[in-house]
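In: What would the 3D arrangement of this be:
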Amino acid sequence: MKKVLLGMALAGLTLTANAVENHFTFDVLSSGPDIYACNAGIKHKNPSGSVGYDVGDSETDTEDTGDWLQDVMEYSLKKYDQWNDDTYNYVTNNRKSANGSNNYVTATGFTDTRSNNPSAHKIGYNTANELSVILSKLKFELSSERYGTEYFVDVCYYGPRFHDGGVNGAYFGTDAEVTFTNLFFKNYRQKSNLLVRATLYCDGSVKKSTSWKSANTSYRSFWNGHNLGTNAFTKCVFRYEFKENSTGMRANIKHGARVKVRSSINDPLL
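Out: Numbers count the residues shown, from 1 in each chain. Model prediction:
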């Protein structure tokens, strides 16, 4: 009888369950910085007057100024898709020559009419397209009759796509240096009286620059741990320029150097 009454009581009872539920969607955006060689250039201004050759009998033969297109850079470029982390060949083993003017002929073709004052001009690189070019190979072949060639290489820093603009109580540091290794017995840097300087541009303005320095040592540090402030940069360009300061006749021997540049923008230094 008790079971029947219990069953009748349960049958007359209505149970209501109140469910609490939430759906929330969010995105995770991840991006770190990139740094890579991105451009190069060469120039050799055609000197006025003629070139003289000592024929070994205390006399000098006078010749024309010669063909200044004998200063050549050979290079390869890649396109870099930052979002897909993918690269593909863009230009392979191309060659360009100095044209006798005081303007650089560049690998990428991006216009650059910088004066001799590194702080007087802002390197462009205002678009993602320009920063998506990687310089994957570079060689300079210099055979103009006189020294006097100038050339450069750019290293591009492309900052994280997402950041809060800075880090409280910390600053970004930067290093720039170059190392030379002689390729042959004769010292190219000494014979050409090679000079070198470095300039750092970030988001369209000069952040650090040096005057011309002698390349007579195998290692040159331009700056180390330089304070860039607490704000993160979107785009920076390290430009390393090299100038043969000798105007004498180029030695008819094989002489050259292997050049390694090191560029860094460090995480905030706490």
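In: Which residue is the nearest non-sequential neighbour of residue 233?
Out: Nearest residue to residue 233 in three dimensions, chain neighbours excluded: residue 202, at 4.3 Å (CB to CB, 6 or more residues apart in numbering). Every C-beta, even on glycine, is put in place using the N, C-alpha and C of the backbone.
In: how close does that neighbour get to residue 19?
Out: As judged by CB to CB, to the nearest Å, residue 202 and residue 19 stand 54 Å apart.
In: can you give me the strands in the stretch 151-270 of the chain?
Out: Counting by DSSP state E, counting those that start in this stretch, the stretch 151-270 of the chain has strands at residues 173-182, 186-187, 194-202, 205-209, 213-214, 219-227, 235-244, 255-265.
In: which other residues reach the second one?
Out: Meaning strand 186-187. By CB atoms under 8 Å, 6 or more residues apart in numbering, the residues outside strand 186-187 that reach it are 251, 253, 254, 255.
In: Now the two most distant members of these.
Out: Among those, the pair separated by the greatest distance (CB to CB) is 251 and 254, at 9.2 Å.
In: shouldn't residue 108 be in contact with residue 76?
Out: No: using CB atoms under 8 Å, residue 108 is not in contact with residue 76; the gap is 11.8 Å.
In: now the contacts of strand 186-187: which count as buried?
Out: Buried members of the contacts of strand 186-187, counted by 16 or more other CB atoms under 10 Å: residue 255.
In: from the contacts of strand 186-187, which is closest to residue 214?
Out: Of the contacts of strand 186-187, the one sitting nearest to residue 214 (CB to CB) turns out to be residue 255, at 17.1 Å.
In: Quick check: the closest one touching residue 184?
Out: Yes: Residue 255 is within contact range of residue 184, at 5.2 Å (criterion: CB under 8 Å).
In: Can you check which residues contact both of the two?
Out: With the criterion set as CB under 8 Å, 6+ apart, the contacts of residue 255 and residue 184 do not overlap.
In: Quick one: closest of the strands of the stretch 151-270 of the chain to residue 139.
Out: When the strands of the stretch 151-270 of the chain are compared (using CB to CB), the closest one is strand 255-265, at 9.6 Å.
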